[in-house]
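Novice: Kindly generate the corresponding structure for this input.
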Amino acid sequence: MFKLNELSDNEGAAKRKQRVGRGAGSGKGKTGGRGIKGQKSRSGVAIKGYEGGQMPIYQRLPKRGFNNINAKTYAVVNVGMIQKFIDAGKIDAKAELDEAALIASGLVRRAKDGIRVLAKGEITSAVTLNVTGASKGAVEAIEKAGGSVTTKQTAAADA
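Specialist: Next up, the predicted model:
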């Protein structure tokens, strides 16, 4: 039978923290294991990436490519997921599905620079989509099911 006052940890499981700077007899007194003077002996010092005067590795390695600041990132929706949400009753197939409706249904978390529909999966419902973009395969799949797709690219080309 165990008694609460007799409980103890396994031998060597709990080790006491070394208290530095608590007298010469402690073994970590005076300078507290930091040596003498210099930047690293002071408090609040972080020298990340500093390599003692030589060229840091992130500067020695060659750089490749670039980040296009004008690149657009689209939220991606597959036609199979649209069908899944229609079957679950989260999307009304009879209403026109625009980006706001897809976000409200929970299919897309945020629109980013727009929503783009891709052809992964199958769609059987006739839906009317109004989105930023769609792949050729997605447009074919939706039109084959009896629906239609209007994209901002085609709307701009028609105008």
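Novice: Please enumerate the helices of the protein.
Specialist: Ranges of helices in the chain, per DSSP state H, are 57-60, 79-88, 99-105, 136-144, 152-158.
Novice: Determine the set of other helices and strands touching the second one.
Specialist: In terms of contacts (3 or more C-beta pairs under 8 Å, 6 or more residues apart in numbering; DSSP states H and E), helix 79-88 is packed against strand 115-118, helix 136-144. Where you see a C-beta, it was placed from the backbone N, CA and C, and this is true even at glycine.
Novice: Could you check how far Arg19 is from Gly33?
Specialist: Arg19 sits 11 Å away from Gly33, going by C-beta to C-beta, to the nearest Å.
Novice: One more: Lys136?
Specialist: Relative to Gly33, Lys136 is positioned 67 Å away (C-beta to C-beta).
Novice: same check, this time on Asp9
Specialist: 27 Å.
Novice: Compare the two (neighbour count), which wins?
Specialist: Set Asp9 next to Gly33 and count neighbours by other C-beta atoms under 10 Å: Gly33 wins out with 12 against 7.
Novice: pLDDT at the more buried one, what is it?
Specialist: Listed pLDDT for Gly33 reads 90.
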